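S.K.: Quick check, what structure comes out for this input:
(chains A and B)
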Amino acid sequence: MELFLQQVLNGLTLGGVYSLVALGLTLVYGILHVPNFAHGAFYMAGAYSAFFIMTKLGLNYWWGMLGAAVVVALISVLSERLVFHPLRKAPYLHHMIASIGILLFLEAGAQAIWGADFHRMDTPYTQLLEFGGLTLPAQRLLIIVAAFLLVGLLQLFLKKTVTGATIVAMAQNREGAALVGIDATRVAMMTFAIAGALAGMAAVLYAPINLVYTSMGNLVITKAFVIIVLGGMGSVPGAIVGGLIIGFAEAFGAFYISTDYKDIIAFALLVLILSVRPQGLFAKGAH
Amino acid sequence: MKIRSPLFNSTTGWLLLLALAIAFPFLAGNDYHLTVMSTAYIYAVATIGLNLITGYTGQYNLAHSGFMAVGAYTVGILTVDHQVPFWIAFFLAGVFAAILGFFVGIVSLRLKTHFFSIFTLCVGYIMYLVIEKWESLTHGTVGIIGIPAPPDVAGIDFTSPRPQYYLVLFFLVASLWIMHRIVRSLLGRTFMAIRNGDDLAQALGINLMRNKLLAFMLSVFFAGLAGALYAGFVRFIGPGVASVEHTFDMTMYMLVGGIGTLLGPLLGAIGVPWLTQYLQVLQDYRFVVFGPLLVILVIFLPYGIVGTYMNRKRRKEALAAQAAAPAAPRNVTPISGAKGATHA
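M.R.: Have a look, this model is predicted:
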């Protein structure tokens, strides 16, 4: 039973991180219908910015996280302005290739600056917490709490504020949103900024457990794609639920099946589900 | 309606290129240049395959390098672990990639546009991870060492760089010729019709699934062939062959040269590696330059070198034709990489 609960906690940790990354991806998809392959590189850039702030500027973990959020939001907005905006009327293939270009640039850039080595990120939360037989590293608890807090805040922002509502409106109907006077450019920039900030913070939350390296975003972004395809592209609740499903599937799969193959589980799940339901698990209508 | 540029399509232009390729070993200063060129040719064969499914049929397959790895590992595993003669393994590599392509295709091709790409991205990752983790079959991260060189054919010994170069060149020319035949046939037109709009293609009575599946299998057959050539040429393979970065590389070759043209991917696959050779400093960081280049190309020059040249030439011809016969309808529009234009 304790082992089982331990896996539940692991699943929540993974699911929290995946949800944060997938949320940014799904928001951007909802607005621009762009599958942003560079989102994983944004995640990586977040971890490196925090690493830089903490080691070179000597600031603490929380400043690192704030800095990462700001830096990645800027990178994200810049890529929207410089790359996706000029391509907004181009065929879908061009978006994908351009986002791959950004991804390759950011990865090579990080490697040119910091080298190909793996770095360890320090966290002030190294203690082990005990709950009646369950041990939980404080960092994992932080991930779970912070992820759910951020997801909750995002939901409040989207549902309760006018600015948030403009994002939802544009995701629902672009022309309709433009008709009622919503500034498409502003909403697109804001969405990219939020998506970038979420990816950056997710990276800083997860990096102390999982090291910092240039290709750290690749698996995460691919899993985030799996999540939003399962949850319905552009759907916010879908990204959260999908993130938790993949997180739990991996935690339990690693424990009960094989740690070697745990990274395959998410992809195998996608292949399996799309083979039976090409429209995804929660999506309405065909893609 | 033949609206192809005479320079690129004429037999003379291609024969000139072939003559240059045949003369290359005598012009190249050393064996290293031959190796670079042979590797470029191998990737050109794979890129030609990717161009069939992406450039001509409009489906961006991100598992392409995975299929290349399938071809390479077929040769590696069969020759090293099971002592199968090289040429039999070589033949099986393409066939096996195509068979696997059939099963991946029937599932993935039901999805459209980026859903297809995301799905194949995941398939590519599964291939990579299976190769890396299934040690009893693939030797895991160690890779397969000591793959035999292609054995003699008609007394030609393929152990030195020069015959190897000609062997690779032979398969490149054969691939290009087959691709030329496909593209100019009704089948090729069918693929392009699907690229330009699958609803319209379906309305014309084209069986979408069957044709997409055929294009996919043909495309990965070339990837498997390239993988087999790679295994016989480099004679060592690791899981890295399957990594998605190689698909990104091939995408760049395709895009630099001109997506959806016959010459474009060839030009890119040969030109870009040579450019990287001269930017030695950039070897590891080449994407600091090539990443933005990819973005700039997509924004400003989406049809690549060949496509842009052909568009310009076609526009000139159209203007000339219009001037000659003002009443003639203007039915010539620039080709498009993916959608909404005339057949290339």
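S.K.: For residue B:290, list the residues it contacts.
M.R.: A:101, A:104, B:252, B:272 (CB atoms under 8 Å, 6 or more residues apart in numbering or on different chains). Where C-beta positions appear, they are placed from N, C-alpha and C, glycine not excepted.
S.K.: Are we agreed that it is in a helix?
M.R.: Yes - assigned with DSSP: H, G, I helix; E, B strand; the rest coil, residue B:290 falls within a helix.
S.K.: Return the distance of it relative to residue B:182.
M.R.: According to CB to CB, to the nearest Å, residue B:290 and residue B:182 sit 29 Å apart.
S.K.: just residue B:298 next, same as before
M.R.: As judged by CB to CB, residue B:298 and residue B:182 stand 26 Å apart.
S.K.: and what of residue A:78?
M.R.: Counting by CB to CB, the gap from residue A:78 to residue B:182 is 42 Å.
S.K.: again, but for residue A:165
M.R.: 51 Å.
S.K.: May I have the residues that are in contact with residue A:107?
M.R.: Counted by CB under 8 Å, 6+ apart, residue A:107 has contacts A:41, A:44, A:214-215, A:217, B:287.
S.K.: ok so, going back, in terms of packing, which of residue A:78 and residue B:182 has more residues around it?
M.R.: Neighbours were tallied for residue A:78 and for residue B:182 using other CB atoms under 10 Å in any protein chain shown; the higher tally belongs to residue B:182 (17 against 14).
S.K.: For chain A, what is the nearest residue in the stretch 201-344 of chain B?
M.R.: Ranked by CB to the nearest CB, the top residue of the stretch 201-344 of chain B for proximity to chain A is residue B:291, at 2.8 Å.
S.K.: Which strands or helices does the lengthiest helix in chain B pack on?
M.R.: Scanning chain B for the helix with the most residues, using DSSP state H, yields helix B:208-234. Where contact means 3 or more CB pairs under 8 Å, 6 or more residues apart in numbering or on different chains; DSSP states H and E, helix B:208-234 is packed against helix B:31-51, helix B:64-76, helix B:86-108, helix B:161-184, helix B:186-196, helix B:198-203.
S.K.: Pick the most buried one from the ones you listed.
M.R.: Ranked by mean neighbour count, the helices and strands packed on helix B:208-234 are led by helix B:64-76 with a mean of 30 (mean count of other CB atoms under 10 Å in any protein chain shown).
S.K.: Residue A:204: which element?
M.R.: helix A:184-210 (DSSP states H and E).
S.K.: If you count neighbours, what's buried in the following helix or strand past that helix?
M.R.: Following helix A:184-210 in sequence order, the next helix or strand is helix A:216-231 (DSSP H and E). For helix A:216-231, the neighbour count (16 or more other CB atoms under 10 Å in any protein chain shown) marks A:216-218, A:220-231 as buried.
S.K.: and stretch A:110-127, how far from the chain's centre?
M.R.: Here stretch A:110-127 is found 19 Å from its chain centre; the criterion is CA atoms, centre = their mean, to the nearest Å.
S.K.: Is any residue of it near chain B?
M.R.: Yes - with CB under 8 Å from any CB of the partner chain as the criterion, chain B is reached by stretch A:110-127 at A:111-112, A:116.
S.K.: Save the residues you listed as a markdown table, and put in secondary structure, neighbour count and pLDDT too.
M.R.: Listed next are these as a markdown table, based on DSSP: H, G, I helix; E, B strand; the rest coil; neighbours: other CB atoms under 10 Å in any protein chain shown; pLDDT from 0 to 100:
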| residue | secondary structure | neighbour count | pLDDT |
| --- | --- | --- | --- |
| A:111 | helix | 18 | 86 |
| A:112 | helix | 15 | 85 |
| A:116 | coil | 11 | 80 |
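S.K.: out of those, who's nearest chain B?
M.R.: Among the residues of stretch A:110-127 next to chain B, residue A:112 lies closest to chain B (CB to the nearest CB), at 4.5 Å.
S.K.: Can you tell me the SS state at the closest residue to that closest one other than its chain neighbours?
M.R.: Residue nearest to residue A:112 in three dimensions, not counting chain neighbours: residue B:285, with 4.5 Å by CB to CB, 6 or more residues apart in numbering or on different chains. Following three-state DSSP, residue B:285 is assigned to helix.
S.K.: what sits against residue B:285?
M.R.: A:108-109, A:111-112.
S.K.: quick one: contacts for the residue in the stretch 151-287 of chain A that chain B sits nearest to?
M.R.: When distances are taken as CB to the nearest CB, the stretch 151-287 of chain A reaches nearest to chain B at residue A:267, 4.2 Å away. Residues near residue A:267 by CB under 8 Å, 6+ apart: A:222, A:226, B:122-123, B:125-126, B:129.
S.K.: and if you look at residue B:169?
M.R.: Contacts of residue B:169 (CB under 8 Å, 6+ apart): B:21-22, B:38, B:41.
S.K.: cool, residue A:215 as well?
M.R.: A:44, A:107.
S.K.: Tell me how far it lies from residue B:241.
M.R.: Counting by CB to CB, the gap from residue A:215 to residue B:241 is 16 Å.
S.K.: just residue A:157 next, same as before
M.R.: Taking CB to CB, one finds residue A:157 at 45 Å from residue B:241.
S.K.: And for residue B:34?
M.R.: Distance of residue B:34 to residue B:241, given as CB to CB: 21 Å.
S.K.: How about residue B:117?
M.R.: Taking CB to CB, one finds residue B:117 at 20 Å from residue B:241.
S.K.: average pLDDT across stretch B:14-23?
M.R.: For stretch B:14-23, mean pLDDT is 83.
S.K.: residue contacts, the nearest residue to residue B:35 once chain neighbours are set aside?
M.R.: Nearest non-adjacent residue to residue B:35, counting by CB to CB, 6+ apart: residue B:161, 6.2 Å away. Counting by CB under 8 Å, 6+ apart, residue B:161 makes contact with B:31, B:34-35, B:38.
S.K.: just residue A:97 next, same as before
M.R.: The contact partners of residue A:97, taken as CB under 8 Å, 6+ apart, are B:251, B:255, B:294, B:298.
S.K.: Serialize these to JSON lines and add fields for pLDDT and distance to residue B:266.
M.R.: Output for these, formatted as JSON lines (pLDDT from 0 to 100; distance: CB to CB, whole Å):
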{"residue": "B:251", "pLDDT": "89", "distance to residue B:266": "15"}
{"residue": "B:255", "pLDDT": "87", "distance to residue B:266": "13"}
{"residue": "B:294", "pLDDT": "84", "distance to residue B:266": "18"}
{"residue": "B:298", "pLDDT": "84", "distance to residue B:266": "20"}
